[in-house]
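Engineer: Fold the following for me, if possible:
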Amino acid sequence: MPAAADALLIAVVDDDNLFRDTISANLREAGYRAITFDNGPAIVDWFAKGNRSAALLLDWQMPVQDGPTTLEQLRAAGHALPVIFLTGLNQPIFEEKGLKLGAVDFVDKSKSFAIILQRLRIALAAKAPVAGESTAVAVEGGLVLDVASARASWNNAQVDLTHGEFKVVQLLAQRAGRDVGYREIYDAVRGVGFEAGQGPEGYRANVRAMVKRIRQKFRDLDTEFDAIETYPGFGYRWRHG
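Structural biologist: Reported below is the predicted structural model:
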């Protein structure tokens with residue numbers, strides 16, 4: 001039986017020895033424990049043996065197996081831990097792909113460790129259930145959200161949402177019937193004030209792309225799904241009732 005995840009253990013996968021050693025040393029100084037791997041198959045095998053970590057910091061470009069393939073294998077095996085890509089590839093196309101694969105964040109390696117640490121803490125806080133909170137929360141109509149595992153079901157069928165997509169659905173559904181702006185939706189996924197995309201309003205395109213993917217995943221299960229409504233120029237709302 002798999003071991004429970006160590007709340008302070010962070011896995012790091014990167015083929016750059018210096019970067020790997022530096023980030024793990026910084027994590028230890030910040031009060032975490034770190035376990036490191038220099039290739040993707042090694043972390044996949046480690047998880048397959050029943051080991052668990054609270055989160056994973058994953059490089060994108062590696063010679064043995066790249067980060068996206070590694071993440072796909074972990075998700076296919078049912079591992080839902082928060083995964084943050086740390087990479088020098090800072091173009092939006094890579095960020096969008098990483099989030100679509102199920103990463104919860106995408107951080108440029110050139111950022112200071114203080115920023116990386118803050119992104120990690122946000123991811124861990126989002127994963128942790130609130131004390132006293134019901135694990136399964138029926139929200140609207142056929143939607144049921146499992147907060148602890150970040151899973152959603154629609155009319156008793158599981159919706160294959162990434163962790164970030166789950167947070168968007170949770171925000172909209174909890175505010176059913178009320179409009180939620182682009183900035184608030186983006187903040188729910190990436191943290192308050194985080195900037196991405198082209199220009200100061202670039203986050204809007206990221207939100208639109210994410211909502212488009214979410215709608216399609218629901219429509220794959222229910223062709224008549226229309227619970228997410230658009231408020232042009234402002235954001236979205238979850239249709240009440």
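Engineer: what's the neighbour count on the residue lying closest to Y231 once chain neighbours are set aside?
Structural biologist: Distances taken as C-beta to C-beta, 6 or more residues apart in numbering put D179 closest to Y231, at 4.7 Å, once the chain neighbours are dropped. C-beta here means a position set from N, CA and C on the backbone, and glycine is covered the same way. Counted with other C-beta atoms under 10 Å, the neighbours of D179 add up to 15.
Engineer: Outline the domain layout of the protein.
Structural biologist: As assigned by automatic domain parsing, the chain contains the domains 6-127, 136-238.
Engineer: where among those domains is the average confidence lowest?
Structural biologist: When these are compared on mean pLDDT, domain 136-238 scores lowest, with a mean of 83.
Engineer: Please report how far S24 lies from I35.
Structural biologist: Distance, S24 to I35, by C-beta to C-beta, to the nearest Å: 8 Å.
Engineer: same deal with A80?
Structural biologist: Going from A80 to I35 by C-beta to C-beta gives 18 Å.
Engineer: picking up where we left off before, what is in contact with S24 and I35 at once?
Structural biologist: Common contacts of S24 and I35, defined by C-beta atoms under 8 Å, 6 or more residues apart in numbering, comprise V12.
Engineer: Of these two, which one has the most company?
Structural biologist: For S24 versus I35, neighbours defined as other C-beta under 10 Å are more numerous around S24 (20 against 17).
Engineer: Could you tell me whether the more buried one really is in a helix?
Structural biologist: Yes: under DSSP: H, G, I helix; E, B strand; the rest coil, S24 sits within a helix.
Engineer: which residues sit in contact with it?
Structural biologist: Counting by C-beta under 8 Å, 6+ apart, S24 makes contact with 12, 34, 36.
Engineer: just these now: which is nearest L57?
Structural biologist: V12 (4.8 Å; C-beta to C-beta).
Engineer: List the residues that contact that closest one.
Structural biologist: V12 is in contact with 20, 23-24, 27, 34-37, 56-57, counting by C-beta under 8 Å, 6+ apart.
Engineer: For it, give its distance to M210.
Structural biologist: As judged by C-beta to C-beta, V12 and M210 stand 27 Å apart.
Engineer: quick one: contacts for Q61?
Structural biologist: Neighbours of Q61 in contact, by C-beta under 8 Å, 6+ apart: 67, 87-89.
Engineer: tell me the secondary structure for it?
Structural biologist: Recorded secondary structure, Q61: coil (three-state DSSP).
Engineer: same check, this time on the one 3 residues further on
Structural biologist: Here V64 takes the coil state, with states given by three-state DSSP.
Engineer: tally of neighbours for the residue lying closest to it once chain neighbours are set aside?
Structural biologist: Counting by C-beta to C-beta, 6+ apart, V64 lies nearest to N39, which is 3.9 Å off, once chain neighbours are set aside. Here the count is done by other C-beta under 10 Å, and N39 has 18 residues near it.
Engineer: Perfect, I'm done here.
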